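Q: Need a 3D model of the sequence below.
(one chain, ligands or ions: 1)
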Amino acid sequence: MAEANTATGNPPRPVNRSSGRPDNLRLLLNNKLATAGLAIFALIVLTALAAPLLPLPDPDVTAPADRLFRPLSEGHLLGTDALGRDILSRLIWGTRVSLAVGISATLIAAFFGSLIGLVAGYAGGRVDTFLMRGIDMVMAFPYILLALAIVAVLGPGLLNALYAIAVVNIPFFARNIRGIALGLSRREFVDAARLSGESNAQILFIEVLPNVLPVIIITMSTTVGWMILETAGLSFLGLGAQPPQADLGSMLGDGRKILFTAPHVSIIPGLMIFALVMSINLLGDGVRDVLDPRLKSGALTRPLARTAVIRDIAPGDIEPSPGAVLDVRGLKTEFRFGGEVFKAVGGVDMRVGRGECLGIVGESGSGKTVAAMSIMGLVPTPPGRIAGGVALLEGEDLFAVSDERIRQLRGSAVSHVFQDPLSTLHPLFTVGDQLIEAIQSHRSMPKSRATERAVELLNLVRIPNPAERLKSYPHELSGGMRQRVCIAMALADDARIIIADEPTTALDVTVQAQVLALLDKLRRERDVGILFITHDFGVVSAICDRVAVMYAGQFVETGATGEILKSPAHPYTAKLIDCVPVLGQPERRLDAIEGRPPVVNNLPIGCAFAERCPRAQDDCRAAPIPLTEFGQGRAVRCIHPILMEAGHG
Ligand code: SF4
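A: Numbers count the residues shown, from 1 in each chain. Next up is the predicted model:
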């Protein structure tokens with residue numbers, strides 16, 4: 001391994017005690033449409049709230065002599081209506097009324113609808129049936145007809161319009177919330193609350209409600225604009241606000257009769273309804289994105305199909321190392337959240353030859369998976385990006401090839417085996433369908449030939465009765481069998497490199513040993529290189545020829561597996577090895593590694609492991625520590641390494 005990593009040479013910055021994720025407001029402001037919606041909505045609301053303070057004429061006072069003034073007339077900025085009333089004044093006061101009614105109707109519908117949904121979803125059984133059939137009956141009527149019927153019974157008026165709009169929207173909230181409460185009420189944390197003796201009401205309001213609350217807020221934010229429209233619709237029909245009171249719908253209704261002679265009377269409130277509803281919808285979409293935990297990372301836009309590559313220095317002609325199928329040099333991958341840059345991979349070198357297995361070992365969050373995913377551009381952008389380095393696949397720079405070329409190489413020359421086969425395989429297709437699709441996606445061949453090939457592959461990974469197994473769904477197979485199917489898919493197109501990301505972590509020990517033996521046999525027989533990601537030195541010893549120990553985005557020790565297991569040079573490597581139990585040595589102490597790795601947006605100037613290292617000295621913290629070669633094919637990033645001390649292995 002050559003010298004790598006210069007990413008830690010930055011001056012230290014103040015420690016960010018937060019999680020480093022942008023807060024909700026910053027996330028919202030990252031979304032330009034939502035920000036525009038927020039600005040327009042805030043302007044409308046502030047103007048409406050300030051109506052009593054503004055120097056406006058009385059909105060209800062008629063002046064027949066001033067009727068139908070055009071906009072920009074003297075004393076009437078937006079003109080007057082058919083009764084000589086000032087349109088600007090009526091618009092601002094009317095917006096105030098429409099907002100109040102729309103928001104109140106939303107709150108009422110959200111309260112009752114959510115309550116019904118929560119109770120129905122949590123209680124289930126007859127309570128659920130009873131409440132939901134009631135909701136179904138309300139939903140069976142077209143909602144605007146139902147609203148008209150309610151106003152017809154209660155009589156025209158703004159308050160009655162508000163009740164009608166609220167009632168017809170209750171089913172919308174009830175249905176949404178019931179579905180979520182139903183799923184939550186069967187979750188383990190609810191069982192735990194029951195076991196701890198909490199009452200049903202406590203479980204419902206203390207355990208379930210907080211989990212449903214974001215959905216209620218999201219639903220409210222996306223429906224309030226709709227309710228303002230519905231209220232305006234009832235007022236337009238003369239069933240909401242009654243003369244002389246103005247709201248946006250009644251203003252629109254007043255202008256309808258003189259649409260052609262004085263179009264400004266109806267166009268101005270129409271534009272206000274448009275601006276109000278549009279701004280609320282844009283803002284509501286932004287709020288939904290912010291409150292959705294899956295989008296908390298700041299990825300408010302759909303990730304690109306391939307990781308963005310933004311290299312400061314374009315690599316020149318780089319000769320791949322002799323015998324290397326995959327040759328990665330100085331790989332840097334970072335994530336950007338708002339103004340923060342997280343250097344997940346800070347410049348690593350990897351080389352994998354044909355039939356060779358390189359293990360990357362490290363704790364969770366050390367950057368090993370990001371490094372492996374970067375090679376084929378599988379790190380999502382945003383927020384990830386490759387900030388430097390090259391990845392050569394048989395001399396071809398993977399960061400420079402076209403999207404089409406990378407798509408061809410994915411799953412053919414370079415394939416992946418992931419940790420959890422149950423989430424990798426599609427639950428609704430048989431393993432045969434999925435294997436055949438994997439075979440046909442890179443090679444054109446008739447289905448009968450692809451089926452034969454699928455049987456061969458299942459045979460290869462030692463699945464008994466392969467022709468029958470092709471008809472099985474993933475859930476019908478054991479964990480070990482599913483992982484074998486994933487390995488078969490990885491071999492579907494004669495891969496030259498398999499990136500195996502913790503492929504045995506989800507399996508029990510016996511099956512783990514079988515899968516490792518299978519991968520080991522296949523790589524030797526088929527001459528496939530394996531990049532094996534794991535946190536477990538026990539697994540490394542079973543399959544890897546060489547190992548690279550990763551910490552805080554850097555390799556801290558590299559070398560042949562046997563050598564490193566026998567005499568680890570880096571204190572971190574030694575501690576990782578000490579975490580592995582050894583059969584027949586019950587007296588051996590299993591040491592946990594105290595402390596936590598540094599956050600990669602605030603790496604120290606010196607050794608990243610210094611805070612946890614028992615051998616740390618002052619000079620360890622003074623300057624970046626280079627990866628220094630020693631012995632045969634070994635390198636260590638430590639200035640006080642453990643050399644040839646007994647007791648490991
Ligand atoms: S450089 Fe110092 S702090 Fe870092 S691993 Fe070596 S001895 Fe420990």
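Q: does residue 625 belong to a helix or a strand, and which?
A: Residue 625 is part of no helix or strand when elements are defined by DSSP states H and E.
Q: Next: the one 4 residues further on.
A: Of the helices and strands defined by DSSP H and E, residue 629 is found in strand 628-630.
Q: does the ligand sit close to that strand?
A: No: shown here: strand 628-630 not in contact with the ligand (CB under 6 Å from any ligand atom), separated by at least 10.6 Å. The C-beta positions use only the backbone N, C-alpha and C, and glycine is treated the same way.
Q: Give the helix, strand or coil label for the residue of the stretch 401-550 of the chain found nearest the ligand.
A: Residue nearest to the ligand within the stretch 401-550 of the chain: residue 549 (11.1 Å; CB to the nearest ligand atom). Following DSSP: H, G, I helix; E, B strand; the rest coil, residue 549 is assigned to strand.
Q: For the stretch 1-150 of the chain, give me the ranges with low pLDDT.
A: Within the stretch 1-150 of the chain, the stretches with pLDDT under 70 are 1-22.
Q: could you pull out the helices for it?
A: For the stretch 1-150 of the chain, the helices defined by DSSP state H, counting those that start in this stretch occupy 24-30, 32-49, 87-123, 125-139, 143-154.
Q: can I get the ones you listed in TSV with mean neighbour count and distance to residue 528?
A: Formatted as TSV, the helices of the stretch 1-150 of the chain follow (neighbours: other CB atoms under 10 Å; distance: least, CB to CB, whole Å):
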stretch	mean neighbour count	distance to residue 528
helix 24-30	16	42
helix 32-49	16	46
helix 87-123	22	49
helix 125-139	14	53
helix 143-154	16	60
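Q: Identify whichever of those helices lies nearest to the ligand.
A: Using CB to the nearest ligand atom, the nearest of the helices of the stretch 1-150 of the chain to the ligand is helix 24-30, at 35.0 Å.
Q: Please state the offset of the closest one from the chain centre?
A: Centroid separation for helix 24-30 versus its chain: 15 Å, with CA atoms, centre = their mean, to the nearest Å.
Q: For that helix, which helices and strands make contact with it?
A: helix 32-49, helix 264-291 (3 or more CB pairs under 8 Å, 6 or more residues apart in numbering; DSSP states H and E).
Q: and the residue nearest to residue 257 when sequence neighbours are not counted, what is it in contact with?
A: In this structure, residue 257 finds its nearest non-sequential neighbour in residue 82, 7.8 Å apart by CB to CB, 6 or more residues apart in numbering. Taking CB atoms under 8 Å, 6 or more residues apart in numbering as the criterion, residue 82 is in contact with 67-68, 254, 257-258, 262, 265.
Q: thinking again about what came up before, so which of the helices and strands packed on helix 24-30 gets nearest residue 471?
A: Minimum separation from residue 471 across those (CB to CB) falls at helix 264-291, 41.1 Å.
Q: Now the element after the closest one, going C-ward?
A: Downstream of helix 264-291, the next assigned helix or strand under DSSP H and E is strand 308-309.
Q: Would you give the sheet partners of the helix or strand following that next one, along with the direction of each?
A: Per DSSP H and E, strand 308-309 leads on to strand 324-337 as the next helix or strand towards the C-terminus. Sheet pairing for strand 324-337, assigned by DSSP bridges, gives strand 340-353 (antiparallel), strand 384-393 (antiparallel).
Q: Format these as TSV; extra columns: distance to residue 96.
A: Below are the strands paired with strand 324-337 laid out as TSV (distance: least, CB to CB, whole Å):
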stretch	distance to residue 96
strand 340-353	41
strand 384-393	46
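Q: Of those strands, give the one that comes closest to residue 239.
A: With CB to CB as the criterion, residue 239 lies closest to strand 340-353 of these, at 53.3 Å.
Q: distance between the closest one and the chain's centre?
A: Distance of strand 340-353 from its chain centroid, counting by CA atoms, centre = their mean, is 22 Å.
Q: Fine by me, we can end here.
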